[in-house]
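**Student:** how would this look folded up:
(chains A and B)
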Amino acid sequence: MLTVCDQTTSLSCRRRWLTCLVYLVALIVCGSISATQAENVANAAETQIKAAMLFKFLDYTEWPATAFAEPQSPYRIWLLDASDVGKELRAIARDRNIKGRAISVFKTRFIERIDNPHIVFVGRDAEHHLPHLARLAEQQAFLIVTENSQGLVPGSTINLRLLEDRVGFDVSLSGAHRNNLKLSARLLSVASTVEQETLP
Amino acid sequence: MKINPQLQQSVFGCCRIFHNAFFVATLICGVMAQSSRASDALADLSLEQLASLRVTSVSKKPKPWANEPASVFVITEQDIRRTGSTTLPEALRLAPNLQVARVDARNYAITARGFNNPFANKLLVLIDGRSVYSPLFSGVYWDAQDVVLEDLDRIEVISGPGGSLWGANAVNGVVNVVTRSAEDTQGELVSLGGSVHEQQAAVRHGGQLTNEGFYRVYAKHSRHDDTENAAGALTYTGWERSQAGFRADWAGYDDHFTLQGDAYRGRLHQSGTEDIKISGANILGRASRQFAPGSRLTFQAYVDHTQRDQPNAFVQHLNTIDLELQHECLIGERQMFMWGGGYRYLSDRIDNDVFFAFLPDDLNMQWRNVFIQDEIKITRDLRLTLGAKWEDNPFTGWESMPSAQLAWSPGHNQLLWGKVSRAVRTPSRIDRDYYSPANPPLVDGEPRYVIAGGPGFVSEVADVYEVGYRQQPVAQVSWSVTGFYSEYDQLRTLELNNTATGFVFENRAAADAYGLELWGSWQPLHHWRLHASLVAQEFDVYLKPGSTDISNTTALASYDPNFYSSLRSSYDVSPQVTLDSTLRYVDELKGSQVPAYTALDVRVAWEISRHLEISLVGQNLIDRAHPEFGASPRRSEYERALYGKLIWEL
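**Tutor:** Numbers count the residues shown, from 1 in each chain, chains lettered A, B, ... in the order given. Just a heads-up that it's a prediction; the model follows:
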């Protein structure tokens, strides 16, 4: 058997060299993490802000009583092809509740799996489901939130998007009315744009 | 698996040291990272405060590849499902920047940017981070690779060099197959499909573990008849393969752990001999921890065993141990820094036959690598990315693969980018250790081989210049264009052996390649999407002075079409019924005189209930039959066929 390795190098020498490398690795890791920690606290990841906003929307949206089976039924947030936000949202929802209701977060890639939602957050790659979702929302009263970089797309009630280096959101009031939802004035006051269909 | 004891000590010494490195770093960083959980406190801020927070630069990337200064196309699981692809190589046809030519029932010639043939050696392919490239010939045995297509998350296809991150062999491109997390494949799935020529069945079960983890287990069986040539004679390239595997994921707030494995066996027909027998198994573990937004440490390790018993050729037993460490972090507000390293150990044992031999027949090899990449935000719209990978291989020692990229956003949803890179294909065993015949006659006690390996064979190199532009002017329209110019040097030739009779492999050819890759999508209606693509490319291959090449190297790129394009339509007839069609045009292959062809596939799917979907795919509808690769009259031709599929999912 032939081995193509440099076996003339003594193992002890190699191990010493690699031990030094271990310390160098640890030093670089810690140095770079320190630099990260030193960042301005007003910075946050886009997904974290979006998750926090989804959580806040529960507080500023009013669903019809029929949207809940029982007074203590949890809010059900479904994430359609949006796993990144799901991870953050689960961490937020773990020990919190809104108006006495717990929050359940579900992730899926299949629209048919969405069951009794209160919010459906539609990832960028799932926007082609919006027409179907919009029809369902009119019957079942749920909030459709998207993240299209261009702004509100048909079917969407709230759209999250980057505005320079901040996360803003657009609201379709007519969409909310169609889906039998009431959005609070405070939510509308923070929105970047509020869209409402006008009668001809 | 035979491992030299001294080397074994070294291998496991290395394992220990990598293990130590990971845990030292994790421990220290774990303590420091407590404050990163402050992001959890975002939920306690008001809506106004949330809207005023600044977003860190790295997280601005809407998707990992969308903002990358490279020619990247991502095939989604939905693309695969809606076009009705039946195998992994067939699914790769969806990438406009890949050349996919079916050779026969089980062999494919797949590459990006030219030099295509069934032994194409300039494309790196990974499945969930595990390299499936064979060190025997630097290519991929496509007849041994399989996944449950319904469990795919995406396939990232990068055309152009990826050496500065991915390492040697990523000369013309990288294909990165990524399966979905176990959390996203919960419940049961049964998939049954078949036509008169091929059938396959897959079952999967996904569930929850007691410790907040998720798992899935799957099994799949597929078979394909022999294909036929133009005269209707069988090519004896049919196959039958069974595969089973699992994946488990644990996702905490900052951590993600994955453990997955597969095992397979199969029989492949071969003309005039018994079947080729293939088998293999692999297990992979990956742990990653996020310390703060943009700061992540990932460690991955896998063990892979493959065996291929090919009558009249060889029996190969290959064992691989691979370790990788990667760390990415933000430095200040302007720099995204990534660095890492890896180690790979391969034990390759070959039982040679009579026609040719790989000598030595038992070989242990080691690869080591380190890489760095720094993405610097020069201004708000201008980014410079500098990176390099250094890889130590057992044949030529350390090789360097540097790259520099500049990306400029001239306006909203626009990216203009340029890239200069050097890529390297390090020697494989076929370049160095291939001898024919296996038992040569002896003259004065010296063996007289017709081909006596390539003792002086060195790495093939490519200097590549790329420029690209992509834009999404409105939500319904997006497009991308890339121009490339590549200078290849030290390409493989088969030269007269100066020290004895016969021939040896050397590096006496060079080539220039240039071309254009263009694709885009348009959604004219909410329920109708169109995708179009076009690739035009040219190659000039030439021998260096003094070359006595007999392998017809100058015809290297003559199996590449100068032009190929596609048009795909996805139409939702109703929420339950979808209609998809794909039209492909591939220009002639001058080298093997394969005429240009146009192929049309049409798929109709009906979602009977939320758990059940049936679909029908009409394959190759335009002509009665056409070849895609190889010389007439023995090459395979692909007939019009109807493929039915049922997916039941709970």
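
**Student:** now stretch B:462-471: how far from the chain's centre is it?
**Tutor:** 20 Å (Cα atoms, centre = their mean, to the nearest Å).

**Student:** Can you point out the buried residues in that stretch?
**Tutor:** Residues of stretch B:462-471 classed as buried by neighbour count (16 or more other Cβ atoms under 10 Å in any protein chain shown): B:A462, B:V464, B:E466, B:V467, B:G468, B:Y469, B:R470, B:Q471. C-betas here are computed from N, CA, C, even on glycine.

**Student:** what mean pLDDT does that stretch have?
**Tutor:** When pLDDT is averaged over stretch B:462-471, the result is 95.

**Student:** do that stretch and chain A meet?
**Tutor:** No - Stretch B:462-471 lies out of reach of chain A by Cβ under 8 Å from any Cβ of the partner chain, never closer than 12.3 Å.

**Student:** which residues touch that stretch?
**Tutor:** By Cβ atoms under 8 Å, 6 or more residues apart in numbering or on different chains, the residues outside stretch B:462-471 that reach it are B:69-71, B:122, B:160-161, B:171-172, B:413-425, B:478-489.

**Student:** Just the buried ones from the residues you listed?
**Tutor:** Buried members of the contacts of stretch B:462-471, scored by 16+ other Cβ under 10 Å, are B:69-71, B:122, B:160-161, B:171-172, B:413, B:415-419, B:421-425, B:478-484, B:486, B:488.

**Student:** Who is the closest residue to B:L621 other than its chain neighbours paired with across the strands?
**Tutor:** Nearest non-adjacent residue to B:L621, counting by Cβ to Cβ, 6 or more residues apart in numbering or on different chains: B:L600, 4.5 Å away. Bridge pairing for B:L600 (DSSP bridges) gives the partners B:L583.

**Student:** Surely B:L600 and B:D580 touch.
**Tutor:** No - counting by Cβ atoms under 8 Å, B:L600 sits too far from B:D580 to count as a contact (11.4 Å).

**Student:** and stretch B:223-233, how far apart are its ends?
**Tutor:** Length of stretch B:223-233, first residue to last, Cα to Cα, to the nearest Å: 19 Å.

**Student:** Identify all contacting residues around it.
**Tutor:** By Cβ under 8 Å, 6+ apart, stretch B:223-233 touches B:104-106, B:196-200, B:234-241, B:269, B:625, B:627, B:632-639.

**Student:** buried ones in that stretch?
**Tutor:** Of the residues in stretch B:223-233, those buried by neighbour count under the rule 16+ other Cβ under 10 Å are B:R223, B:H224, B:D225, B:D226, B:T227, B:E228, B:N229.

**Student:** got the CA positions of stretch B:367-386 in CSV?
**Tutor:** C-alpha atoms of stretch B:367-386 as CSV (Å, rounded to 0.1, in the frame of the first residue of the first chain):
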residue,chain,number,x,y,z
TRP,B,367,-6.4,17.4,1.3
ARG,B,368,-6.2,20.4,3.5
ASN,B,369,-7.5,23.9,2.8
VAL,B,370,-7.9,27.3,4.3
PHE,B,371,-9.9,30.2,2.9
ILE,B,372,-10.7,33.8,3.6
GLN,B,373,-13.2,36.2,2.1
ASP,B,374,-13.8,39.8,3.0
GLU,B,375,-16.8,41.7,1.6
ILE,B,376,-16.1,45.4,2.0
LYS,B,377,-18.8,48.0,1.6
ILE,B,378,-16.9,50.9,0.1
THR,B,379,-20.0,53.2,-0.3
ARG,B,380,-23.6,52.5,0.2
ASP,B,381,-23.9,51.1,-3.3
LEU,B,382,-20.5,49.7,-3.9
ARG,B,383,-19.1,46.5,-2.6
LEU,B,384,-15.6,44.9,-3.0
THR,B,385,-15.2,41.2,-2.2
LEU,B,386,-11.7,39.8,-2.0
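
**Student:** do it and chain A meet at all?
**Tutor:** No - in terms of Cβ under 8 Å from any Cβ, no part of stretch B:367-386 sits within range of chain A; the closest distance is 8.6 Å.

**Student:** Now chain A against chain B: closest residue?
**Tutor:** A:E112 (3.4 Å; Cβ to the nearest Cβ).

**Student:** ok, so what distance separates that residue from B:E150?
**Tutor:** Counting by Cβ to Cβ, to the nearest Å, the gap from A:E112 to B:E150 is 14 Å.

**Student:** Between these two, tell me which one has more neighbours.
**Tutor:** Comparing A:E112 with B:E150 by neighbour count (other Cβ atoms under 10 Å in any protein chain shown), the higher total belongs to B:E150, at 18 against 15.

**Student:** does that one sit in a helix, a strand or a coil?
**Tutor:** Of the three states, B:E150 takes helix under DSSP: H, G, I helix; E, B strand; the rest coil.

**Student:** Was I right to think it contacts B:Q200?
**Tutor:** No - here B:E150 does not reach B:Q200: they are 11.5 Å apart, not a contact under Cβ under 8 Å.

**Student:** what is in contact with the two at once?
**Tutor:** By Cβ under 8 Å, 6+ apart, B:E150 and B:Q200 have these common neighbours: B:S191.

**Student:** And residue 26, what's its pLDDT?
**Tutor:** Looking at chain A here, since you left the chain open. In this model, A:A26 is scored at 59, pLDDT.

**Student:** should've been chain B
**Tutor:** So, for B:T26, pLDDT stands at 44.

**Student:** Likewise for A:P154?
**Tutor:** With respect to pLDDT, A:P154 scores 87.

**Student:** Which residue comes closest to B:G129 once chain neighbours are left out?
**Tutor:** Distances taken as Cβ to Cβ, 6+ apart put B:Q300 closest to B:G129, at 5.6 Å, once the chain neighbours are dropped.

**Student:** What residues are bridge-paired with the one you found?
**Tutor:** Beta-bridge partners of B:Q300, counted by DSSP bridges, are B:R286, B:E324.

**Student:** show me what contacts it?
**Tutor:** Residues counted as contacts of B:Q300 (Cβ under 8 Å, 6+ apart) are B:G129, B:L284, B:G285, B:R286, B:A287, B:D322, B:L323, B:E324, B:L325.

**Student:** Could you rerun that using 7 Å?
**Tutor:** B:G129, B:L284, B:R286, B:E324 (Cβ atoms under 7 Å, 6 or more residues apart in numbering or on different chains).

**Student:** Surely the last one and B:G342 touch.
**Tutor:** The reference is to B:E324. Yes - with contact defined as Cβ atoms under 7 Å, B:E324 reaches B:G342; the gap is 4.2 Å.

**Student:** picking up where we left off before, from the buried residues of stretch B:223-233, which is closest to B:F314?
**Tutor:** Nearest to B:F314 among the buried residues of stretch B:223-233 is B:D226, at 22.7 Å by Cβ to Cβ.

**Student:** Show me the shaky parts of chain A.
**Tutor:** A:1-44, A:197-200 (pLDDT under 70).

**Student:** residue closest to the middle of it?
**Tutor:** A:V85 (2.9 Å; Cα atoms, centre = their mean).
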